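Asks: Model the structure of this input:
(chains A, B, C, D, E and F)
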Protein chains: 6
Amino acid sequence: MILRIDRWQTELPPPSDPDPRGASIVQELMGGKFGEMSTLMNYTFQSFNFRNRQGARPFYDLIANIAAEEYGHIELVAAAINAMLTGAETKGARPRNSQQFIGGGKSALPQDSMGKPWTGDYVTATGDLVEDLTHNFFLETGARNNKLKVYEMVDHPAARALTGYLLVRGGVHQVAYARAVEKLTGADLTKMFPSPRIPTDKIPECRPHIERGDHLRLYRFSPDDYKEIVAVFNGPHPETGEDLTVIDHAPEGFPPVDLPPEPDVFAPDYAPEEIAEIARKLREAAGLPKEPSGVVAANGGNGSAADKVEAR
Amino acid sequence: MILRIDRWQTELPPPSDPDPRGASIVQELMGGKFGEMSTLMNYTFQSFNFRNRQGARPFYDLIANIAAEEYGHIELVAAAINAMLTGAETKGARPRNSQQFIGGGKSALPQDSMGKPWTGDYVTATGDLVEDLTHNFFLETGARNNKLKVYEMVDHPAARALTGYLLVRGGVHQVAYARAVEKLTGADLTKMFPSPRIPTDKIPECRPHIERGDHLRLYRFSPDDYKEIVAVFNGPHPETGEDLTVIDHAPEGFPPVDLPPEPDVFAPDYAPEEIAEIARKLREAAGLPKEPSGVVAANGGNGSAADKVEAR
Amino acid sequence: MILRIDRWQTELPPPSDPDPRGASIVQELMGGKFGEMSTLMNYTFQSFNFRNRQGARPFYDLIANIAAEEYGHIELVAAAINAMLTGAETKGARPRNSQQFIGGGKSALPQDSMGKPWTGDYVTATGDLVEDLTHNFFLETGARNNKLKVYEMVDHPAARALTGYLLVRGGVHQVAYARAVEKLTGADLTKMFPSPRIPTDKIPECRPHIERGDHLRLYRFSPDDYKEIVAVFNGPHPETGEDLTVIDHAPEGFPPVDLPPEPDVFAPDYAPEEIAEIARKLREAAGLPKEPSGVVAANGGNGSAADKVEAR
Amino acid sequence: MILRIDRWQTELPPPSDPDPRGASIVQELMGGKFGEMSTLMNYTFQSFNFRNRQGARPFYDLIANIAAEEYGHIELVAAAINAMLTGAETKGARPRNSQQFIGGGKSALPQDSMGKPWTGDYVTATGDLVEDLTHNFFLETGARNNKLKVYEMVDHPAARALTGYLLVRGGVHQVAYARAVEKLTGADLTKMFPSPRIPTDKIPECRPHIERGDHLRLYRFSPDDYKEIVAVFNGPHPETGEDLTVIDHAPEGFPPVDLPPEPDVFAPDYAPEEIAEIARKLREAAGLPKEPSGVVAANGGNGSAADKVEAR
Amino acid sequence: MILRIDRWQTELPPPSDPDPRGASIVQELMGGKFGEMSTLMNYTFQSFNFRNRQGARPFYDLIANIAAEEYGHIELVAAAINAMLTGAETKGARPRNSQQFIGGGKSALPQDSMGKPWTGDYVTATGDLVEDLTHNFFLETGARNNKLKVYEMVDHPAARALTGYLLVRGGVHQVAYARAVEKLTGADLTKMFPSPRIPTDKIPECRPHIERGDHLRLYRFSPDDYKEIVAVFNGPHPETGEDLTVIDHAPEGFPPVDLPPEPDVFAPDYAPEEIAEIARKLREAAGLPKEPSGVVAANGGNGSAADKVEAR
Amino acid sequence: MILRIDRWQTELPPPSDPDPRGASIVQELMGGKFGEMSTLMNYTFQSFNFRNRQGARPFYDLIANIAAEEYGHIELVAAAINAMLTGAETKGARPRNSQQFIGGGKSALPQDSMGKPWTGDYVTATGDLVEDLTHNFFLETGARNNKLKVYEMVDHPAARALTGYLLVRGGVHQVAYARAVEKLTGADLTKMFPSPRIPTDKIPECRPHIERGDHLRLYRFSPDDYKEIVAVFNGPHPETGEDLTVIDHAPEGFPPVDLPPEPDVFAPDYAPEEIAEIARKLREAAGLPKEPSGVVAANGGNGSAADKVEAR
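Replies: Predicted coordinates for the structure are as follows:
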């Protein structure tokens, strides 16, 4: 089971100029064959289906733990898409992905960049450990390819912050699976790095994360479990030679941006202030503090971007 | 983001007589339109896409928190399916769901009971709060219908333990969304309970959970967030009149059963003992204890069921 | 079985300026999850599968009768799309929905606004009456959401006439299903109106239909059957308090617009006049009147819009 | 638009021995590529999208009118499937099509015989009249093939009555489209009959319909429209040489069988008598006669088959 | 089995101005219901599944041999798409088909013009010879329709060269299947030509192929097999009256254009020269000539178009 | 383009006892994610889309050439399925894959073992050479896994002959791609063999092919092209240490078995002798020899198995 923490693994900028076409491209990182739903669900099912866990514990822990991180990734992709759609014109809109408006309320969908839904067919969980790890190494390679391309195609600040972060973290998973295959078979997949053959540190938006050392760290996303990841994730980073490290807890994270309402798509309502009034009363009746208890980014709902939106 | 805990929300029996046809039916609760992947992903996307969270915090917290519980449900469905497949004959097998063998290693798939993959089309996240809550109430009704039917169709102990638990917990979600709609609109959906119109306590496998009070409790699946669920989840249970309660933490849970290897489908390997030997060495090299650090159910990998499997 | 009447339930304007991108958006109301094919097929299958009809006759009649009206709705959506595509340039076209040109002859498709085909997965027909009615209430809510959004996104006169009409009629179905649930369970879903929370009469194109009283009327689409709908569809309208009424026959309707040929997409032919000549002879040989017997709108094939098309 | 008549185009036997596996095969005639949903929707969309109707009226009328008949065919396929499922065991069931139980209440689904949903991809409506008619001729050929095979594979009385009738009526449509192509191009497709090359009158269940002359008749399914079908549907039947005839109204039809409730799948309820009681009161309150107004087959809900079901 | 020849069946121009939107439309001819993957796979499966080949040899040979030609057609469609994408901007791109960039490296996909993947559902291989041939005649008619439309919609030189060629060759297949049906049943489908009713020789890009006589020739794509095609493919061409001819070998073909690398989508690499260097060494080590042994079009990789690309 | 040769790459036994359920399982090797349609289409598209072929010729040649071999593999899978279905009862049949009967004539479909159609989504052709080769290595690993499982699950002689052969040939491709990756990056994937970890020579049906040396040979499937495969496919076999070899032509192959007609599914006709008679006349009219010119296996259409079929 999981505990959920209402924070983002990285910081994303608040809404600025809306970019619906860009947002439709970023969907590939959500619902594409190599998107984050795929990494999440592949590793999740592999961990659920893992037989003889005790006999192969370090590998089980590795897959299960990376699965946990991926949940945070789909959250980030959604956040970036939603930010890019905030403030977009509905009247007369003919967006690439019309369902971000019609199906959602200017929001992220479990679809790829062509509007095709994510499907369980994208999951490979054979139960054969070497095969699954080989697959995962390849999946992360494909995911890196797609992130690099979306980075290139979409220059909206939210998309760039997203891809910059995901490239670094996905790179860590690519290394982790390469190491796992090597530990099991002796094949030195690390010689294949970087794949695609563009070094991550050439991407400006990746550099702050690299400078912070995040390209070397595998976080342990659990209060007490998955401790044997250290038995696999170690040794030198294939590109830089620095030591790989396990951080024995989750990253601290950042409060999410609270996006302004979009009444023209009824999100969260045609008259959001009425809901707010009801919420206030419910909170009071429940003996909760007057102000909402949740923590959101200071620059989110009240900053300049939101003002711009409200000024429409 | 999430933290993952390597425990199950409820106890499931260890493998006994294999039941591949039953396991293919239980898939409906995994990847069906009304399965647990659907409840998980519907609420997850609704929470990701929630606009003006601060203005509608109790409802945001409710949806986000129930999403967290659902992750534990797909884990349980997978576990039940895997248990039912453990020990199944591969030689000459013509199972209803052949891909549980060919695609997986006698394991759960993101498919429904007809082998169709789960798809993002099953997600409704409109951003309109009243509409999403109406949807969720309906979704839980459909999910309850399907659990009742699978209960009836499959009498394998793992399937019964699974459906018994899920019926009680899904019932809580059905109540939660009914209450949320009522708080927002005044419509008393609680008059529709139970729906389908068979009382949950008529199901023997539900009774222990009801006796423990689990039909009244909404657990908070977060270290520090989603505290405003109390503002919505309160009042009398629609069927029993007892008080609904928020438990301010996750349930303690149970250690998972560690399923025996199935070498004839290479899970985790054709020669699992070789992987175990490698794992031992890696653990040693990493300075970990000699014994695997993970906790699994005492009756799982070593009990009579597994013995039976090994004796094949 | 059915009898077909070659008239439209409402009047739609003849072709004016072509709007292929708008036409691609309107497809959501045809083949989307909440489109008219979905309402048609959900109610049709529910009526086909209805067990113990005699014991629940008023509800059977309600569902079967609304299904009949929905057939007229897919007809209208198709008509609006075809009108918007009439006269569109084929040469050099790069439309959002290329298959409206390549697969059809500038015509409507059983697809949604992203070009995904309608699928039987969109049908929920559980046989459980309360559940199906709950579903239908929700489905109409989702459909209303989508009509409102398409209204906002597309301002072509045909799209506006379409959505104006469908919003009023869909609203009647939403009320009908709410009443049905209330009659069966006592839950007063009418408190949820309007959902989404924008009153229908704020839409200018809805007003003529409201002024005519069409928001209060359920037509009986059958010569002799489905007479028990009066037992469910009665009482006050949830928004206006006016009395709901059953009209004991179908609306009179309007002759359809006969769209001009589009020879560049071979509709109905590269040389349509040759077909017309053959048709004339066949009519003569069969002893039919010289002029086509069918009635079409006076302003359709010969009016200014068509002239404009021909002048290309 | 349509008027719906609560009668079947042919008589089907009441439930007898349940045959869930047979029912799963018959689904091909519902939701398969060559099933009745395909014929219905192909002709419906072709008629909606027909350009220059006045200039090609006899062909428009032909397609539109056959579309109307097809609605009655999906109704019959559903009825046969439902009859075959009536009385089937739910407890411990492992049916070929589990969703007939789990998704529906022992009822028909918009799926094919492998459980794949019908999809809009099965619709071809190019707008090119000769091409669409060529397609329709081929579609009816494929449909005839599939009916013949289902006839052979499933010998349940309901399936045989269904296929016997559909083979005769589909044969008429095959002839109609062949004649239409011939009228337009001169190509004598009638030389291709029968296709597949087994004469319809070799099927015992077809013979009563042939003896009645139903293989020669095209019914006009409309109060006042589609009168020009006589200009196309005429001449000798390709196999028998008898004269083709247009019947200027719909067939009288037969009252549908009212299937007994199946409480174990909640159809229409876990306690159907409660719904019946509510229905009675609603009828009374609406001033309707005490007995249900609908007409159902005398041998349906009360006959020996239903008794057998009740005796379970 | 097959032998592959690294030549194209017709000449296509080297890359000129990139046209990603046009390339997305041309995809319909690849992965659409009536695209070349469909013709290839329909005839391929029909030939694989052909029963009693010896008893129906001329027809088996016809289908198997046309299947072989179709492989060359998917090759040409891919080549045209790739040419149209060569040199397209990646930075800031928002193409109609984003997956041509993200999934591929500015390259062709097994999808249609709306980005939907080709599916096995598009294959009809019933085993009934008359039915399959009827289907194939219709399929070629639909394919001709789509080629004509893509011709009209896309005027890029590569698209025009492609459609000009495919229209002529597809026309030959349409004739071949019409003749086959006629030989088996006597129905003179040749009266339906041309279908759609626009003569092929009205298309300027078709004329060189017609002048060369390619509209009359069926090539035998096999060293020694499928010799009985002459027993079906003979007689006069339905439009021109000229004699149909079998050419007893494959066409000579043309060397393919070698497209320049697109490093910004990593095709074939971010640093293609490194791969070239490796390739050189491998060739040397294997004792191969210093220069690549493959033959490519002289005007391809080095001509003005490529220069233009490189000059970006 | 291709030349087609009407011979099989390996010998398959003639029909013996029909095994429809086994045939439905073998479909996974045809249309599954890791089936032969996937290997065929992945490599075919990669070769079509290959940029800068001259600069990376040995790798282009390798992929293009293996694609050619895969065509022969889908032919073999189809042949095995068809053999297993020959003689199967249609009357009363309730097969796992009903569409092998209803859609085909007891024949192979482009579907997987659950009846899901093969889809273009299974193709990965990124254009990035290292990534595509990594993918292909993984794809062959997954394909080997699936072949091993189908081998285990289905013991029909045709299935065993098929999987025995495909395991050996797929193993060669797995080696080829591993070598290619190694040549490009230095990573020694050969250490991962065998994967899954069961040696191929433990499978009795593989041994004759291994003894013949077929596990070491890459055939060149082209009259004159793809000669640079020798630059990649060389060195020692990862499991046996023997030298890998390129055979500079295609294997000789075996004449295909000509399967008997199945008139009850109209394959090739309800009255196949009529077609045979027509074929004879056509052959005569074309001046062909009296006997069919095609070569088929001596033991196929006339042997004991066919006799058994005929004797039904």
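Asks: all contacts plus neighbour counts: C-alpha atoms, from now on.
Replies: Fine.
Asks: so who does the residue nearest the centre of chain A touch?
Replies: Centroid-nearest residue in chain A, with C-alpha atoms, centre = their mean: residue A:73, separated by 1.4 Å. By C-alpha atoms under 8 Å, 6 or more residues apart in numbering or on different chains, the contact list for residue A:73 reads A:9, A:36, A:166, B:1.
Asks: ok so it is a helix residue?
Replies: Yes - judged by DSSP: H, G, I helix; E, B strand; the rest coil, residue A:73 forms part of a helix.
Asks: Out of the contacts of residue A:73, who's the most crowded?
Replies: Among the contacts of residue A:73, residue A:36 has the most neighbours (other C-alpha atoms under 10 Å in any protein chain shown), with 27 neighbours.
Asks: my guess is that one meets residue A:27, correct?
Replies: No - at 9.9 Å, residue A:36 and residue A:27 do not qualify as touching, with contact defined as C-alpha atoms under 8 Å.
Asks: And whatever residue of the stretch 51-200 of chain A ends up closest to chain E, how far from residue A:38?
Replies: Nearest residue of the stretch 51-200 of chain A to chain E (C-alpha to the nearest C-alpha) works out as residue A:153 at 4.3 Å. Distance check for residue A:153 against residue A:38: by C-alpha to C-alpha, to the nearest Å, it reads 21 Å.
Asks: Equivalent analysis for residue A:212, please.
Replies: 27 Å.
Asks: And the helices in the stretch 151-300 of chain A?
Replies: Assigned by DSSP state H, counting those that start in this stretch, the stretch 151-300 of chain A shows helices spanning A:157-185, A:207-211, A:272-285.
Asks: quick one, which of these is packed in tightest?
Replies: Neighbour counts (mean count of other C-alpha atoms under 10 Å in any protein chain shown) averaged over each of those peak at helix A:157-185, with a mean of 25.
Asks: got the angle for it vs helix B:272-285?
Replies: Angle of helix A:157-185 versus helix B:272-285, following axes from the mean of the first three to the mean of the last three C-alpha atoms, to 10 degrees, is 110 degrees.
Asks: hang on, the earlier thing: the helices of the stretch 151-300 of chain A into a markdown table, with extra columns for mean pLDDT and distance to chain D?
Replies: Formatted as a markdown table, those follow (pLDDT from 0 to 100; distance: least, C-alpha to the nearest C-alpha, whole Å):
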| stretch | mean pLDDT | distance to chain D |
| --- | --- | --- |
| helix A:157-185 | 98 | 34 |
| helix A:207-211 | 98 | 46 |
| helix A:272-285 | 97 | 35 |
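Asks: Compare those helices and report which one is nearest to chain C.
Replies: helix A:272-285 (9.9 Å).
Asks: From the chain's centroid, how far away is that closest one?
Replies: From the chain centre to the centre of helix A:272-285 is a distance of 31 Å (C-alpha atoms, centre = their mean, to the nearest Å).
Asks: near chain B at all, stretch A:39-54?
Replies: Yes - contact of stretch A:39-54 with chain B (C-alpha under 8 Å from any C-alpha of the partner chain) involves A:45, A:48, A:49, A:50, A:51, A:52, A:53, A:54.
Asks: Can you give me the neighbour number for the fifth one?
Replies: Going back to what we said before, that points to residue A:51. Neighbours of residue A:51 (other C-alpha under 10 Å): 31.
Asks: Quick check: phi and psi on it?
Replies: phi -100, psi 150 (degrees, to the nearest 10).
Asks: do the same with residue A:107
Replies: Backbone torsions of residue A:107, given as degrees, to the nearest 10, read phi -150, psi 170.
Asks: quick one: which helix or strand includes the residue nearest to it when sequence neighbours are not counted?
Replies: In space, and not counting its chain neighbours, residue A:107 is closest to residue A:82: 4.8 Å by C-alpha to C-alpha, 6 or more residues apart in numbering or on different chains. According to DSSP states H and E, residue A:82 maps onto helix A:57-85.
Asks: That helix to helix B:272-285, inter-axis angle?
Replies: Note on geometry: by the same axes, to 10 degrees, helix A:57-85 and helix B:272-285 are set 80 degrees apart in direction.
Asks: what comes up buried for helix A:57-85?
Replies: Applying a neighbour-count criterion of 16 or more other C-alpha atoms under 10 Å in any protein chain shown, one finds A:57-85 buried in helix A:57-85.
Asks: Next, find the distance separating the residue in the stretch 201-312 of chain A positioned nearest to chain F from chain D.
Replies: Using C-alpha to the nearest C-alpha, the single residue of the stretch 201-312 of chain A nearest to chain F is residue A:238, 12.0 Å away. Here residue A:238 is placed at a distance of 46 Å from chain D (C-alpha to the nearest C-alpha, to the nearest Å).
Asks: Around that residue, count how many other residues there are.
Replies: Residue A:238 sits with 19 neighbouring residues when counted by other C-alpha under 10 Å.
Asks: Is it in contact with residue A:174, as I believe?
Replies: No - the pair residue A:238 / residue A:174 is not scored as a contact, 10.4 Å apart, by C-alpha under 8 Å.
Asks: Residue A:249: what's it in contact with?
Replies: A:219, A:220, A:221, A:222, A:223.
Asks: Could I get the residues you listed in TSV, plus columns for pLDDT and distance to residue E:184?
Replies: As requested, the contacts of residue A:249 are exported to TSV (pLDDT from 0 to 100; distance: C-alpha to C-alpha, whole Å):
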residue	pLDDT	distance to residue E:184
A:219	98	71
A:220	98	71
A:221	98	69
A:222	98	71
A:223	98	75
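Asks: which one of those is nearest residue E:207?
Replies: In terms of C-alpha to C-alpha, no member of those lies closer to residue E:207 than residue A:219, at 66.1 Å.
Asks: So the closest residue to the closest one other than its chain neighbours versus residue A:177, what's the distance?
Replies: Residue nearest to residue A:219 in three dimensions, not counting chain neighbours: residue A:247, with 4.6 Å by C-alpha to C-alpha, 6+ apart. Plainly put, residue A:247 is 17 Å away from residue A:177 if you go by C-alpha to C-alpha.
Asks: Which positions in the stretch 1-150 of chain A make contact with chain C?
Replies: Listed as neighbours of chain C in the stretch 1-150 of chain A under the rule C-alpha under 8 Å from any C-alpha: A:90-94, A:96-99, A:101-103, A:114-116.
Asks: So which of the residues you listed would count as near chain E as well?
Replies: Residues of the residues of the stretch 1-150 of chain A next to chain C in contact with chain E (C-alpha under 8 Å from any C-alpha): A:96, A:114, A:116.
Asks: count of residues packed around the second one?
Replies: Translated: residue A:114. If we define neighbours as other C-alpha under 10 Å, then residue A:114 has 23 of them.
Asks: on that earlier part again, my read: the residue nearest to residue A:219 touches residue A:217, true?
Replies: Yes - in this structure, residue A:247 is within contact of residue A:217 by C-alpha under 8 Å, at 6.3 Å.
Asks: Between the two, which has more neighbouring residues?
Replies: Neighbour tally, residue A:247 and residue A:217, criterion other C-alpha under 10 Å: the higher count belongs to residue A:217, 20 against 14.
Asks: Is that one in contact with residue A:245, as I believe?
Replies: Yes - when contacts are counted by C-alpha under 8 Å, residue A:217 is listed as touching residue A:245 (4.9 Å).
Asks: Counting by contacts, list what the helix or strand where residue A:42 lies packs against.
Replies: For residue A:42, the host element (DSSP H and E) is helix A:36-48. If contacts are counted by 3 or more C-alpha pairs under 8 Å, 6 or more residues apart in numbering or on different chains; DSSP states H and E, helix A:36-48 sits against helix A:20-31, helix A:57-85, helix A:129-153, helix B:57-85.
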